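J.: how would this look folded up:
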Amino acid sequence: MDYLVTMTTRVPDGTPDQAVDDVRAREAAHSRDLAAQGHLRRLWRPPLRPGEWRTLGLFAAADGDELEQVLASMPLRVWRTDEVTPLGPHVNDPEPRPAPGPPEFLTAFTLVIPEGTPEAEAQATIAAEGVRARELAAEGHLLRLWRLPRRSPGDPGVLGLWRASDAAEMEAIVRTLPLDSWMTTDITPLSPHPSDPVIAPS
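T.: Predicted coordinates:
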């Protein structure tokens, strides 16, 4: 099972720089080990505020207990808090393949079909969305799609990983989705992480 983990690190005041460097070096080495074991699939940096130290990670584990063991084994966990989001399979998820490189984006889609929409129209639009998703995957824009757990009706239901030349192109791609007019879309630009298994030297 896949999990998206938001990892926020807060180094205690007064920690010597050498100690920070040592933990970061051990974290990078352990990340390579976790990637080799198949637990760590991707790492990214989201937009950060000054002084913020945050990473997004795509992990694989049999269940939440195994994921917790994986996260607890990481050296930076002594200073880090983790927010875990389980990811479910999505019918339009393309065949996983190595990302061609940055810039990458995460999208969170919240779908609300307007009241009174005929069932036939809704199903036809959803089917058209699947066709468009396959086209965008073939073009190299859509890399992955997952279902998100929805705890309330307003929560996003789908997470996407995309590649586009810039934010404007990513916005334009979203506008081409047949479900766009029924969706609220949150787009997060991603920066490369030096320990990302796709780009990090082995």
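
J.: can you give me the helices for this protein?
T.: 17-36, 64-72, 119-138, 167-175 (DSSP state H).

J.: Does anything pack onto the last one? Which helices or strands?
T.: Right, the one you point to is helix 167-175. Contact analysis of helix 167-175 by 3 or more C-beta pairs under 8 Å, 6 or more residues apart in numbering; DSSP states H and E lists strand 104-111, strand 183-192 as its packing neighbours. Placement of C-beta: from N, CA and C, glycine included.

J.: try 6 Å
T.: Secondary structure elements in contact with helix 167-175, counted by 3 or more C-beta pairs under 6 Å, 6 or more residues apart in numbering; DSSP states H and E, are absent; no helix or strand qualifies.

J.: Just the residues contacting it, thanks.
T.: With contact meaning C-beta atoms under 6 Å, 6 or more residues apart in numbering, helix 167-175 is reached by 105, 141, 164, 185, 187.

J.: try 8 Å this time
T.: Residues outside helix 167-175 that contact it (C-beta atoms under 8 Å, 6 or more residues apart in numbering) are 105, 107, 136, 141, 162, 164, 180, 185, 187, 189.

J.: same check, this time on the third one
T.: When contacts are taken as C-beta under 8 Å, 6+ apart, the neighbours of helix 119-138 outside the stretch itself are 91-92, 94-95, 113, 142-143, 145, 162, 173, 176-179, 182.

J.: ok, now with 6 Å
T.: With C-beta under 6 Å, 6+ apart, helix 119-138 has contacts from 92, 94, 113, 142, 177-179.
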